[in-house]
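In: Sequence plus the predicted model coming up.
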Amino acid sequence: MTTRNTPFVSGEFYHVYNRGNSKQKIFLNNADFDRFQMLLHLSNTPQTFNIRDVLKTTESVYDTDVPDALVRIGAYCLMPNHFHMVLTPVVEGGLSKFMLKLCTAYTMYFNTRHERSGALYEGRFKAKYVDSDQYLKYLFSYIHLNPVSEKVDREFWLEKPIVHNSSRTYERASTYLYSSLNEYLSPRAALGLIDTSVYGMYFSDEMDVRRELFDWLEYEEAVRQP
């Protein structure tokens, strides 16, 4: 794991994640998820933007040009009490600056909106260096299948226990609104938050993405068989 004193190397890949302080939820409703996604966009630049000011001049935050990106976002998923991302620093110090801007802005928003104070996250964000193609490819499935993992399924979907069926599970993951999976499956409807070229070496089109996720789901389903 990357430590506070270890520099993030430009052009390398990192699995970045964090969760709520004492495992508390950091997203309480759709508005919270939406705000974090907007901040993913507006924080990825040395410039400073105020969302309220941006929305006064444009219908969508995502129409705002954010020059001189700090990082490339290869994948992300937001869950009720944690988040995952695959980030690549574009400039020296870019990853740390991006995460500082993102997490500070969201904490200020969350504390104001929900009338609370104090730390929101469980310490500083965590970052693991992605040291192989195998690990990078694994993260694509791991992050995008987070919404349908056994640990969070019952709480998040508020349904009966999940039926372990690859097709049904894939459908759930592909319709989840707060991950980057749809940026790969439906690029025309994408928000434009991620750089799909990060995984371009593995997936040439939507069918490749679908095939990769199904392979993981079918493998996990087979492992669960008695």
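Out: Alright, I've got the coordinates.

In: Shouldn't Asp68 be within a helix?
Out: No - under DSSP: H, G, I helix; E, B strand; the rest coil, Asp68 sits outside any helix and is assigned coil.

In: what separates it from Tyr184, distance-wise?
Out: Between Asp68 and Tyr184 the computed distance is 25 Å (C-beta to C-beta, to the nearest Å). Yep, even glycine has a C-beta here, placed from its N, CA and C like the rest.

In: Have a look at the two and say which one is more surrounded.
Out: Shown here are Asp68 and Tyr184; by other C-beta atoms under 10 Å, Tyr184 has more neighbours (24 against 11).

In: Need phi/psi at that one.
Out: Per-residue torsions, Tyr184: phi -90, psi -30 (degrees, to the nearest 10).

In: Is it correct that it is in contact with Met207?
Out: No - if you go by C-beta atoms under 8 Å, Tyr184 and Met207 don't touch, sitting 10.8 Å apart.

In: Which of the helices or strands spans the most centrally placed residue in the chain?
Out: Nearest residue to the geometric centre of the chain (C-alpha atoms, centre = their mean): Tyr76, 2.0 Å. Per DSSP states H and E, Tyr76 falls inside strand 71-79.

In: Report the angle between the helix or strand following that strand and strand 71-79.
Out: Counting by DSSP H and E, the next helix or strand C-terminal to strand 71-79 is strand 82-89. With axes from the mean of the first three to the mean of the last three C-alpha atoms, to 10 degrees as the basis, strand 82-89 and strand 71-79 are set at 170 degrees to each other.

In: Quick one: residues in contact with strand 82-89.
Out: If you take C-beta atoms under 8 Å, 6 or more residues apart in numbering as the criterion, strand 82-89 is touched by 8-20, 26, 36, 70-77, 95, 98, 127, 130, 136, 139-140, 142-143, 146, 195, 198.

In: And the residues you listed, which of them are buried?
Out: 8, 13-20, 26, 36, 70-77, 95, 98, 127, 130, 136, 139-140, 142-143, 146, 195, 198 (16 or more other C-beta atoms under 10 Å).

In: now, which of those lie within helices?
Out: Using DSSP state H, the members of the buried ones among the contacts of strand 82-89 that fall within helices are 36, 95, 98, 136, 139-140, 142-143.

In: circling back: what touches both of Tyr184 and Met207?
Out: When contacts are counted by C-beta under 8 Å, 6+ apart, Tyr184 and Met207 have no shared neighbour.

In: what ranges do the strands span in this protein?
Out: Taking DSSP state E to define them, one finds strands in the chain at 14-19, 71-79, 82-89, 126-129.

In: Would you reformat those as JSON lines and include distance to Gln47 and mean pLDDT?
Out: JSON lines is the format used below for the strands of the chain (distance: least, C-beta to C-beta, whole Å; pLDDT from 0 to 100):
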{"stretch": "strand 14-19", "distance to Gln47": "21", "mean pLDDT": "97"}
{"stretch": "strand 71-79", "distance to Gln47": "14", "mean pLDDT": "97"}
{"stretch": "strand 82-89", "distance to Gln47": "17", "mean pLDDT": "97"}
{"stretch": "strand 126-129", "distance to Gln47": "24", "mean pLDDT": "97"}
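
In: quick revisit: could you list the residues in contact with the strand holding Tyr76?
Out: Contact partners of strand 71-79, identified using C-beta under 8 Å, 6+ apart, comprise 13, 27, 33, 36-37, 40, 44, 83-90, 94-95, 98, 139-140, 143-144, 146-147, 152, 156, 176, 178-181, 193-195, 198-199.
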